[in-house]
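K.L.:
From the sequence below, what's the structure:
(2 chains)
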Amino acid sequence: MYPQQIHGYLLKFFKENNCQIMKDNGHYLTTQLTIEMDKKIMNRPFYWKYLENTDGVPSPAQLTLITDQNRLDEEVKGEVVHFGSPRLNQLFQTTKELGAFVQMYERVTNKLTGQTILTPWLGVNYKVSYYSDQTKEMLHSLGINLIHGRIVEGFQEWLSEVDLDSTMSADAFALTSIIKPVRGLERLDAAIEKFINEDDRTWAEEAKVRWQKDREVLEHFYKDVENKPECYEMEKQAMDEQYEAKIKIEIINGGLFYMKSS
Amino acid sequence: MIIEKSSEWKEGFIKRLENHESWDNWTLYNMSYDVVKDNLITDFSGLQSPKYLPNLTPLAHQLEVAETVIQRMNGKAILADEVGLGKTIEAGLILKEYLIRGLVKKALILAPASLINQWIEELNYKFYIPAMPYKKNYNLDQCNVVVMSMDTAKKSPHKERIYEQDFDMIIIDEAHKLKNHKTKNYEFVQSLKKKFCLLLTATPIQNDVFELFYLISLLKPGHLGNYETFQASFSASKHDWEHDDHLKELVNQVMVRNRRQDTGIEWTTRRVQTISIDFTKEEREVYDMILELKNVSPVFSSAFSMITLQKEMCSSKEATYLTLNEMRKKCTEPEVVQYVDEIVQKMMALEINSKAQKAYEIIEKADDKVIIFTEYRASQAYLQWYLYTKGITSVLFNGKFKNSKRDWMKQLFKDQAQVLIATESGGEGINLQFCHHVINYDLPWNPMKLEQRIGRVHRLGQEHDVHVYNLAIQHTIEEDILALLYVKIDVFEKAVGDLDNILSSLKESI
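P.N.:
Model (predicted):
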């Protein structure tokens, strides 16, 4: 992420969370945090505890974030934020927490056709990580039609073409799911696992070869030792942990989507 | 195959379905997806860490080391770049990469006490890794990246507290301190679980090839075979073996080593001179009397104390006096005491220290900042006094100084004094690129100590040629030391690879 991208991200993040932007120079910004946001990101639980106990007047912090230090010609006191900085990671994490579950409806504007029928979909964004002594990550965006159970890939991209709103238009009618959302989730989970099982496993095989090679070397070292010392077991365990192939499935976010197309 | 998943999202989803909690914001939903997509590690290979480190511009050789260690050595390696090429940066890159990839959650860094602050600073400011120094009252469960000294770590109760933890990565700085497998240090590290492990040392061999064997056996037991097979194939004689190339190849599978000239950076030249000095007639007389001591009384029969006395006499009468006086107390026979007293008397009457005089000449001629390394505290004090009488300002430096005092002395040297007089242990980890002259007033037995000393000055950031002066007094033990240093350098070069000049080339000096 370049400084401008980060700057744009921060502006959007604070605006969406109702934190007023007090100052914005394109390379640094000052925002007035809301009480909720202060509690979330300023890491001062004792202040808030104290305030609650004493019925004090809350004074959430103002935060100045510098996104491009090189363009700074004035004296600004603030935190320098860049890709990889702890503050940005924290805001990414907060974004993830605050954008994990949605329920959205396609906006309906054509009044001529009378009531428009909206079909329920469950969309879930999965991150799949392969681990051995190396890693690789993949993102899968899946959607399932909760009427007849069709599963589509690239759901998030598809959604980006649709005009969505958090409330349903007055002249729209949402069908009730035939497949319960939780059952839909289970089907998507199964689809992800099927994908994983059919995916290329060379990486795990290769890790196993590296593992065996290291094991042979270790065995050779202790070949003639009758009572193997504790560190032999330790080494073996370390190798197991280092090379053992693991797969992690994580849900980034997901939600219910009511849309015209089915 | 193990598949890990969490039901956390499902539980949150059910709460929303049952209207217990409200739905989230659509824009944040999209932002969250985009962030994950942008930060995705799409390939097993390649480095992610540089893009997270805008304030660090790693050099090409440092990036290459990080990639090699992760991809070819599976995260277990000896980083053995020559002094001053940035081994800490390489280790930081590797640690950062594993942290980003989620393969390392907890890491332990063991470093000499004097370097702990430097590690903390570099990791925090250059790598944004929240490393903290170990304090006795810390709960290690809560420290994910912790830096502590080997001396602390190997002792109870710290040792036990470390063993309780599940560290994914162990980094050991100045790992040549593990060369002896009979030490507590070695035993401690051997019993540590080492999933990913980096051993940092510019000098993986100091004396003989077995040090390398033990170091590698710590990292990867069996890589060089077990002791018997290793001994049989590589050490027909300690300093000479046949399977050079085979050994080198095996070593290179677990060790990366960049030399200054491989880095593609323009390095300033190292100009090494061995300077022979003649004792005055009076000094020679005292030296010869000391040599004679072993025939005078059994008190002086141990080779070790005799060597010490000879070395000290090559350094200063002040250094010699301390040892000699201690030994005199053990003498009982009057004629022996008388002989020793005679030496002391003659020694104290000496008005010229030929070596100090030579050092002064070098400093005069250099007309610039100079570092003098000596092995003895008494010589250190003497040299300061001697230079003072010649109108030359100097500051002292030794390993016992606390960090704040080290920084202060370094600053004094930079701003005020012309000469820094350091003892051996003072040499570690201090960077003095503003200085271009190094005098090795006394020679250590170990060539790598010389390399470490020179490395304080001849490192990244040095803009001038570096002049190294090795002082040796003719027809004394220092000539033997010099000869042995050449043998040891040869061992190193056969097993590990070439070394930059430490001594002037053999022919010149003999």
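K.L.:
Quick one: end-to-end length of stretch A:64-72, please.
P.N.:
13 Å (Cα to Cα, to the nearest Å).
K.L.:
now swap in stretch B:159-174 and tell me
P.N.:
For stretch B:159-174, the separation between the terminal residues is 19 Å (Cα to Cα).
K.L.:
Check which residues of that stretch are buried.
P.N.:
The neighbour-count check on stretch B:159-174 (16 or more other Cβ atoms under 10 Å in any protein chain shown) flags B:159, B:161, B:162, B:167, B:168, B:169, B:170, B:171, B:172, B:173, B:174 as buried. C-beta: built from backbone N, CA, C; applies to glycine.
K.L.:
show me where the stretch 1-150 of chain A has helices.
P.N.:
Listed in chain order, the helices found in the stretch 1-150 of chain A under DSSP state H, counting those that start in this stretch are A:3-16, A:35-41, A:45-54, A:86-98.
K.L.:
ok, the residue of the stretch 51-200 of chain B found nearest chain A - contacts?
P.N.:
Taking Cβ to the nearest Cβ as the measure, the stretch 51-200 of chain B has residue B:52 as its residue closest to chain A, at 3.1 Å. Contacts of residue B:52 were listed using Cβ atoms under 8 Å, 6 or more residues apart in numbering or on different chains, and they are A:83, A:84, B:96, B:100, B:128.
K.L.:
Give me the pLDDT for the third one.
P.N.:
According to the predicted model, the pLDDT of residue B:96 comes to 93.
K.L.:
burial measure for it, as a count.
P.N.:
Residue B:96 has 25 neighbours, counted by other Cβ atoms under 10 Å in any protein chain shown.
K.L.:
Distance check, it against residue A:236.
P.N.:
Distance check for residue B:96 against residue A:236: by Cβ to Cβ, to the nearest Å, it reads 28 Å.
K.L.:
go on, the fourth one?
P.N.:
Using Cβ to Cβ, one obtains 28 Å as the distance from residue B:100 to residue A:236.
K.L.:
Please name the nearest non-neighbouring residue to residue A:180.
P.N.:
Sequence neighbours aside, residue A:146 is the residue nearest to residue A:180 in space, at 7.9 Å (criterion: Cβ to Cβ, 6 or more residues apart in numbering or on different chains).
K.L.:
just checking, that neighbour touches residue A:174?
P.N.:
No - contact criterion Cβ atoms under 8 Å: residue A:146 and residue A:174 do not qualify, at 10.6 Å.
K.L.:
so what's in contact with the two at the same time?
P.N.:
Here residue A:146 and residue A:174 share the contacting residues residue A:120, scored by Cβ under 8 Å, 6+ apart.
K.L.:
Residue ranges in the chain under the pLDDT threshold?
P.N.:
Looking at chain A here, since you left the chain open. Applying pLDDT under 70 to chain A flags residues A:110-113, A:262.
K.L.:
You answered for a different chain; I wanted chain B.
P.N.:
Within chain B, the stretches falling below the threshold (pLDDT under 70) are B:233-245, B:425-429, B:500-510.
K.L.:
let's see it at 50
P.N.:
Of all residues in chain B, those with pLDDT under 50 make up the ranges B:236-242, B:506-510.
K.L.:
for it, what spans make up the strands?
P.N.:
B:2-5, B:76-79, B:107-111, B:131-133, B:145-149, B:169-172, B:196-200, B:255-256, B:270-277, B:370-374, B:394-397, B:419-423, B:437-440, B:466-473 (DSSP state E).
K.L.:
Please convert those strands to TSV, extending it with distance to residue A:98.
P.N.:
As requested, the strands of chain B are exported to TSV (distance: least, Cβ to Cβ, whole Å):
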stretch	distance to residue A:98
strand B:2-5	22
strand B:76-79	41
strand B:107-111	31
strand B:131-133	30
strand B:145-149	28
strand B:169-172	33
strand B:196-200	34
strand B:255-256	44
strand B:270-277	58
strand B:370-374	57
strand B:394-397	55
strand B:419-423	57
strand B:437-440	59
strand B:466-473	57
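K.L.:
Throw those strands into TSV and include distance to chain A, thanks.
P.N.:
Conversion of the strands of chain B to TSV gives the following (distance: least, Cβ to the nearest Cβ, whole Å):
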stretch	distance to chain A
strand B:2-5	4
strand B:76-79	8
strand B:107-111	13
strand B:131-133	13
strand B:145-149	13
strand B:169-172	10
strand B:196-200	7
strand B:255-256	15
strand B:270-277	37
strand B:370-374	36
strand B:394-397	35
strand B:419-423	36
strand B:437-440	38
strand B:466-473	34
